[in-house]
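The sequence and its predicted three-dimensional model are supplied below.
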Amino acid sequence: MSPRYLPYILILPVTLFLCAFFLYPFLLVARQAFLSDGGYSLQNFRETMGYWKFSISLQNTMLLALAVVPVQVSLALLMATMVSRMKKGRDLVLYIWTIPLGISDLAAGIIWFAIFEQSGFLNSMLTGLGVIDKPAVLLGYQNPLLVFIAIALAEIWRATAIMLVILVAGIGLIPKEYYEAAEVFGASPWQRFLRITLPLLRPSLQTALILRVVLAFEVFAVVVALGGTLFPVMMGQIYSYQFDLQNAGGAAALALVVLAISIAFTLVILRALRVPKGATI
Amino acid sequence: MTPVTTAAPRAATKAPARRVYAASVLLLSVWVLGPIYLLFVNTLSSPEAVNSFPKSFIPQFDLGSLAFFAKFDGMLAALGNSVIVAAMTMVMSIAIGAPAGYALSRFEFRGKELFRLLILLTRAFPLPLLALPLAVLFIRTGLDDTTFGLALVHTTLAIPFAVLITFSLFSGIPIELEEAAWTLGCTRLTAFTKVVLPLILPGITASAIFAFVISWNEVFAAAVLTIENRTLTAFLLQKLGDAPIHLKFAGGFILVTPALIFIFAVRKYLFAMWGIANR
């Protein structure tokens, strides 16, 4: 076997696999979205985007991402800087903080349901403290804001860990001489964070944000577990087109909308946080 | 061992600031662990206690809820399916991904950048959506409603991670080690199996576990692609509307526990994996 061909032989399985199960299905979903009644048209888009639930679910998905992602970035940055100056117990704290990484969105939804359901822990605590005298319905149609807050909390709780891991790894790559020099010149911890950590962390922030934003548009099981049908989101709509309405074309059209939004945001993040040419640590 | 170096300030922090710092660490840990603890309280209480009000914040250590979960029709089969799918995903993503990770770390070749782009591109896509067209395709090929069909989709989810993680692992092994083995009479293959593989095995195990967790936790594609052979996540999702709440909590507990153990097992590798995977 000639060594010239070796790398190609090694990457062949992945390439074939991704062509068959990533690129090809992508083409299929695009075709299906434009296909209706045997011909190509925008019928599926008109139908799904004209349905009254479309604008609500799009709005909900966006609002949720808008509420959740900035909190996660700040929280992950805070946790990452706290960990980086830790001497004792660093491994234990990091393990605890990354636990949610292994928890599925469904399980996270169930966990927060235990807190917010009517006979749940929040109501138990509130009655115990005498704030309310009987358990209130928290996750009902009467409290749309509370449903939103519960879902946002569950998402923040679950998915901050993935950003934390990426940022901790990124901070680890910043040479500590920079911090020592800054200290010699009398920079405060806040200045060191603003002038050293943040700029040098840009590639990691980029990765973390793209991953997180794309996942935020995929939010599904948390919402089902906590809000049921009270809080329609895009993935939930796609699921109900596929199953309840048996309308694969409609599901495909909505899937393309989600894909387009994800790609648009990825490009925006890539551009906004681009690393200047030739600038490396 | 993480390659993370700390930027500890030289000057001793003042006592009040230290206390605030310690309190914040504690608070954030409680924020993470508290909700999990409450789930455990619910799981380890009898169904009657779970449905009663007000709730006790201390578990009764009653296995009634878990027994109900185990007896629930179809639940154990779903649990079995989850394990099977996750195991298949684990094997396939490493078997297919690791060679590519090795190629990326050891060779310069034409099209390398294009290949990296293909891998990175998958991360910018909401991959579970691709289950929709595959549902149709699988019906035609007879893979519909099979654990193998679902494992194929989950492997697509896990493969980018497998490639990037193994790439960073192989990059951590100096090529000189392999070259030394070659001069001592090893072929490329035996140098790999005798020198590189033993060094890399713990890391490979860690990334395999990571693939397992990705599959174990996936909900959307599982719900789309399986009907009779539901995985645990898909089955629970279907039952969310009408199941008694103690069933939900026991299900959540069964989903969370392996993940806790697995993250503990791979904790050393999490940061090393992401450090280079970023670039």
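Looks like it arrived, so ask away.

okay, CA-based contacts and neighbour counts for the rest of this
Fine.

those strands in chain B, which residues are they?
Taking DSSP state E as the test, none of chain B falls into strands.

Break it into its domains for me.
For chain B, automatic domain parsing gives the domain ranges B:15-66, B:74-277.

Burial-wise, tell me which of those comes out on top.
Across those, averaging neighbours per residue (mean count of other C-alpha atoms under 10 Å in any protein chain shown) puts domain B:74-277 on top, at a mean of 20.

Now do that one: distance to the chain's middle.
Distance, stretch centre to chain centre, for domain B:74-277: 7 Å (C-alpha atoms, centre = their mean, to the nearest Å).

so what pLDDT did residue B:8 get?
Here, the pLDDT recorded for residue B:8 equals 46.

now do the one 4 residues further on
We note a pLDDT of 51 for residue B:12 in this prediction.

Contact distance from chain A - what residues of the stretch 101-250 of chain B qualify?
B:102-104, B:107, B:109, B:115, B:122-127, B:129-130, B:132-134, B:152-153, B:156, B:159, B:213, B:217-220, B:224, B:233, B:237, B:240-241, B:248-249 (C-alpha under 8 Å from any C-alpha of the partner chain).

related to what we said a few turns ago, and of the domains of chain B, who's closest to residue A:256?
Using C-alpha to C-alpha as the measure, domain B:74-277 is the one of those that comes nearest residue A:256, at 8.9 Å.

which residues make contact with stretch B:46-54 from outside it?
Stretch B:46-54 is contacted from outside by A:119-121, A:123-124, A:127, B:42, B:55, B:60, B:62-65, B:245-246, using C-alpha atoms under 8 Å, 6 or more residues apart in numbering or on different chains.

Please read off the pLDDT at residue 106 from the model.
Picking chain A for this. Reading off the model, residue A:106 has pLDDT 91.

wait, I meant chain B there
85.

Among the contacts of stretch B:46-54, which one sits closest to residue A:100?
Distances from residue A:100 to the contacts of stretch B:46-54, taken by C-alpha to C-alpha, are shortest for residue B:42, at 18.6 Å.

Nearest residue to that closest one in space, ignoring adjacent ones along the chain?
Nearest residue to residue B:42, sequence neighbours excluded (C-alpha to C-alpha, 6 or more residues apart in numbering or on different chains): residue B:50, at 5.9 Å.

if I look at that neighbour, how far off is residue B:255?
18 Å (C-alpha to C-alpha, to the nearest Å).

before we move on, what about residue A:158?
Taken as C-alpha to C-alpha, the span from residue A:158 to residue B:255 is 14 Å.

Give me the neighbour count for residue A:40.
A count of neighbours around residue A:40, defined by other C-alpha atoms under 10 Å in any protein chain shown, yields 13.

Would you check that it makes contact with residue A:249?
No - the criterion here is C-alpha atoms under 8 Å, and residue A:40 misses it with residue A:249 at 11.1 Å.

Now do the shared contacts for these two.
residue A:34.

Looking at the stretch 101-250 of chain A, what residue ends up closest to chain B?
Going by C-alpha to the nearest C-alpha, chain B is nearest to residue A:172 of the stretch 101-250 of chain A, at 3.9 Å.

before we move on, the earlier item: give me the subset of the residues of the stretch 101-250 of chain B next to chain A lying in helices.
B:102-104, B:115, B:122-123, B:132-134, B:152-153, B:156, B:159, B:213, B:217, B:220, B:224, B:233, B:237, B:248-249 (DSSP state H).

Where do the helices of the stretch 1-150 of chain A begin and end?
Secondary structure of the stretch 1-150 of chain A (DSSP state H, counting those that start in this stretch): helices located at A:6-18, A:24-34, A:43-50, A:52-84, A:90-98, A:105-116, A:121-128, A:144-172.

So for the first one, what gets flagged as buried?
This means helix A:6-18. Residues of helix A:6-18 classed as buried under the neighbour-count rule (16 or more other C-alpha atoms under 10 Å in any protein chain shown) are A:7-8, A:10-15, A:17-18.

Run through chain B and note the low-pLDDT ranges.
Across chain B, residues meeting the criterion (pLDDT under 70) sit at B:1-14, B:272-279.

most centrally placed residue in it?
residue B:213 (2.5 Å; C-alpha atoms, centre = their mean).

hang on, isn't that residue packed against residue B:259?
Yes - counting by C-alpha under 8 Å, residue B:213 touches residue B:259, with 6.5 Å between them.

Show me the common contact partners of these two, please.
With C-alpha under 8 Å, 6+ apart, residue B:213 and residue B:259 have common neighbours residue A:102.

so which of the buried residues of helix A:6-18 comes closest to residue A:48?
residue A:18 (29.2 Å).

okay but the closest one is in contact with residue B:154, surely?
No - applying C-alpha under 8 Å as the test, residue A:18 and residue B:154 come out as separate, 11.9 Å apart.

for residue B:175, what are its contacts?
Contacts of residue B:175 by C-alpha under 8 Å, 6+ apart are residue B:106.

mind checking how far it is from chain A?
Taking C-alpha to the nearest C-alpha, to the nearest Å as the measure, residue B:175 falls 15 Å from chain A.
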